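Asker: Next one to model:
(chains A and B)
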Amino acid sequence: MIKIQKKDFNVENEINTIKDKYSSIGAVNVFIGFVRDYNDKKDVKFLELEVYEQMAIKELSKIQQRAIKKFKLIDSLIIHRYGKLNVNDKIVLVVCFSVNRKNSFEATKFIMDYLKKDAPFWKKETYDFGSNWI
Amino acid sequence: MKIKYFAWIKDITKKDVEVLNSNYPKNIEELKKYLILMYPSLEKHISKNILRYAINMEYNSKNPSLQENDEIAVFPPVSGG
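Answerer: A predicted model of the protein is given here:
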């Protein structure tokens, strides 16, 4: 499942919605990305995340399908937020569900690596003085 | 043809989308020439191959022919996650 949304999400609820469907799941690996307060020697006040939404859905679906096939996942969930996000807000959630831990660990890294490289999202950081696309 | 601009590219173009009719670029190399002509500040980024181009929401590393009803996106390296 892919979700691109402005609103926050509850990690446990999101995981349980999928976990409850499969008793075959033995391992769930989770990556959460947050807005941090310091980057490139500057205090970050907030982020604005821009997305090319239709392409992001396509790219994330491709990445997810490759991961499901390559690591024999039972299921996978990617949530990526956009809009204005404050320090400590969640940005992204990647969850991989598999029979054993090894595949869920590796699949999560695989998805995040491709997401960072190809998913069309852009961050603009705002500081005390000015802002910058990163 | 619809051309969409994202992130700091649209700070340079001062618009996030434009529509070209009969005089649309016929391939990505022509698109680059059009962008440089219309938005000279993009030239240094185009010449350093920093920008990415998507055709109908797909990356394309070659130089395929573009069609009148294509949606092209021009954007900097992505920074999600």
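
Asker: only C-alpha atoms for contact and neighbour calcs from this point on.
Answerer: OK.

Asker: Show me the strands in chain B, by range?
Answerer: Secondary structure of chain B (DSSP state E): strands located at B:2-5, B:17-19, B:52-55, B:58-59, B:71-75.

Asker: pLDDT (mean, whole number) over the first one?
Answerer: On average, the pLDDT along strand B:2-5 is 98.

Asker: so what does it touch, helix or strand wise?
Answerer: With contacts defined as 3 or more CA pairs under 8 Å, 6 or more residues apart in numbering or on different chains; DSSP states H and E, strand B:2-5 has these neighbours: strand B:17-19, strand B:71-75.

Asker: between the ones you listed, which one is nearest to A:F105?
Answerer: Distance to A:F105, taken as CA to CA, is lowest for strand B:71-75 among the helices and strands packed on strand B:2-5, at 31.2 Å.

Asker: Please export the C-alpha coordinates of that closest one as PDB.
Answerer: C-alpha atoms of strand B:71-75 as PDB (Å, rounded to 0.1, in the frame of the first residue of the first chain):
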ATOM      1  CA  GLU B  71       3.300  15.900 -19.800                       C
ATOM      2  CA  ILE B  72       7.000  16.800 -19.200                       C
ATOM      3  CA  ALA B  73       8.400  17.500 -15.700                       C
ATOM      4  CA  VAL B  74      11.600  19.300 -15.100                       C
ATOM      5  CA  PHE B  75      13.100  19.100 -11.600                       C
END
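
Asker: re the thing from before, out of the helices and strands packed on strand B:2-5, deepest packed?
Answerer: Among the helices and strands packed on strand B:2-5, strand B:71-75 has the highest mean neighbour count (mean count of other CA atoms under 10 Å in any protein chain shown), at a mean of 21.

Asker: still on that earlier bit, can you list the helices and strands packed on strand B:2-5 in JSON lines and add distance to B:N27?
Answerer: JSON lines is the format used below for the helices and strands packed on strand B:2-5 (distance: least, CA to CA, whole Å):
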{"stretch": "strand B:17-19", "distance to B:N27": "16"}
{"stretch": "strand B:71-75", "distance to B:N27": "11"}
